[in-house]
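Visitor: give me a 3D structure for the following:
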Amino acid sequence: MRDRKAGTRRIYELNPEGIALLRDHFANLWDQALNAFKKFVEEEYRKEQKHVSRSSRTDGRGKANDPRSVSIEKAFRVFVEKMGQWWPATHHIALEPFNEIVVEQKEGGRWYERDSNGSECEWGRVLLWDPPRRVVLSWHLQPDWKIRCGSGARE
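Guide: Numbers count the residues shown, from 1 in each chain. Coordinates of the predicted model:
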């Protein structure tokens with residue numbers, strides 16, 4: 001934010017450089033998180049395929065299926081039910097690292113992390129719940145760039 005005088009008025013403007021840095025920060029965070037999600041889903045797929053016979057893993061042309069053939073239902077479940085297993089552990093809000101991340105599976109549900117002591121830190125809310133096609137989450141950052149937690153927020 002920057003401001004300037006204009007006669008008897010004061011004009012407030014968003015600083016474009018600050019917005020660009022913020023955009024880059026969140027783009028980087030989500031790139032890391034979604035790459036971790038992709039890697040986790042692919043590993044889950046490989047584990048499942050070890051339990052399937054070689055003949056049933058081909059596409060009819062003798063080529064083995066690859067992780068891109070994971071069903072949308074499976075990918076959706078992994079995204080919301082196993083977020084704590086694929087979300088980068090360095091990206092937590094509470095003072096202590098998370099033990100799990102919970103997405104309550106309903107509109108209006110909470111999206112939060114829970115640490116090993118059972119303390120919860122709410123990240124946001126579920127705005128739209130339409131499995132397996134869409135989930136829309138809000139992220140509840142405060143003006144000071146913190147999220148309020150039961151045990152405190154990270155600096």
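
Visitor: and the contacts of the strand of greatest length in the chain?
Guide: When the chain is parsed with DSSP state E, its longest strand is strand 120-130. Residues outside strand 120-130 that contact it (C-beta atoms under 8 Å, 6 or more residues apart in numbering) are 92-94, 98, 101, 103-115, 134-140, 147-151, 153. C-beta here means a position set from N, CA and C on the backbone, and glycine is covered the same way.

Visitor: pull up the pairing partners for the very next helix or strand once past that strand, direction included.
Guide: With elements assigned by DSSP states H and E, the helix or strand that comes after strand 120-130 is strand 134-137. In the sheet, strand 134-137 lines up against strand 120-130 (antiparallel) (DSSP bridges).

Visitor: and the partner strand, what's its mean pLDDT?
Guide: If you average the pLDDT over strand 120-130, you get 94.

Visitor: now the longest strand of the chain - C-alpha only, PDB.
Guide: The C-alpha trace of strand 120-130 is given here as PDB (Å, rounded to 0.1, in the frame of the first residue of the first chain):
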ATOM      1  CA  GLU A 120      -6.300 -27.100  15.600                       C
ATOM      2  CA  CYS A 121      -5.500 -24.100  13.300                       C
ATOM      3  CA  GLU A 122      -8.300 -23.300  10.800                       C
ATOM      4  CA  TRP A 123      -7.000 -22.500   7.300                       C
ATOM      5  CA  GLY A 124     -10.400 -21.700   5.800                       C
ATOM      6  CA  ARG A 125     -13.800 -23.100   4.800                       C
ATOM      7  CA  VAL A 126     -15.300 -25.300   2.200                       C
ATOM      8  CA  LEU A 127     -17.300 -23.000  -0.100                       C
ATOM      9  CA  LEU A 128     -18.400 -25.600  -2.600                       C
ATOM     10  CA  TRP A 129     -18.500 -29.400  -2.300                       C
ATOM     11  CA  ASP A 130     -19.300 -31.200  -5.500                       C
END
